[in-house]
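> build me a model from this:
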Amino acid sequence: MKVVLLESIEGLGTVGKEVKVKDGYARNYLIPKGLALLASDSNIKAFKDKIQARVRSEAKSKEHAEKMAEELGSVTLKFSVKTGQEGKLFGSITSTNVFESLTEKGFEIDKKKIILPEPIRHVGTHEVSIRLFPEVSAVVKVEVSAEAEA
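As a prediction, this is how the structure comes out:
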C-alpha cells in the first residue's frame, strides 16, 4: 500500500514522501495515528498545503537541531566519582547522569535521544552521541575523574 507521510518516521522516510508499506502497518498504525495518508490523487491534492507546511516546519526544526549540535560540540561534561583499582568506577555514568548534567547547563534535550550503548565504567574521556534530528547528531565529551579522597 502506498502512503504519503505526514511526519518523519525514522527508517521509513521524511514528511511528504510517498512510501510503500505493508497494508496492516498503514491501516492499523500510520493512518489512525495521523502519521500518513493513503496515497490517492484526491488525498494528495487535499493535503498538499498541509504537507508543505510540515516540510517547512521540519526544515526549521532541522536548522534548530544543527545550531544546537554546534553548541553541544563544544560542551564537556565533568564527573568526579569514587573509583577502585585500575580506574574502575564504583557504579557507572549513565544516560540519566548525562541528561541531568546537560539540563543543568541549560540544554533541553529528550533523554531518549542520548545514545550511550553501555554505561561508562572507567576513568577517562569518553564521547557520547546525541541524536537531535534524524540526520543531525552531536557529540558531547564526558570527562570522568577519580574523586579526591579526604
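> just the C-alphas of the helix or strand of the chain with the lowest mean pLDDT, formatted as CSV.
The helix or strand of the chain with the poorest confidence is helix 41-46; it has a mean of 79 (mean pLDDT, DSSP states H and E). Provided in CSV are the C-alpha atoms of helix 41-46 (Å, rounded to 0.1, in the frame of the first residue of the first chain):
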residue,chain,number,x,y,z
ASP,A,41,-4.8,11.7,-6.0
SER,A,42,-7.7,13.3,-4.1
ASN,A,43,-5.8,12.9,-0.7
ILE,A,44,-2.6,14.2,-2.1
LYS,A,45,-4.3,17.3,-3.6
ALA,A,46,-6.4,18.0,-0.5
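> show me the chain divided up by domain.
Listed by automatic domain parsing, the domain ranges of the chain are 2-46, 69-146.
> need the residues that contact the least confident helix or strand of the chain.
Contacts of helix 41-46 from elsewhere in the structure, counted by Cβ atoms under 8 Å, 6 or more residues apart in numbering, are Val4, Leu37. C-beta coordinates here come from the backbone N, C-alpha and C atoms, glycine included.
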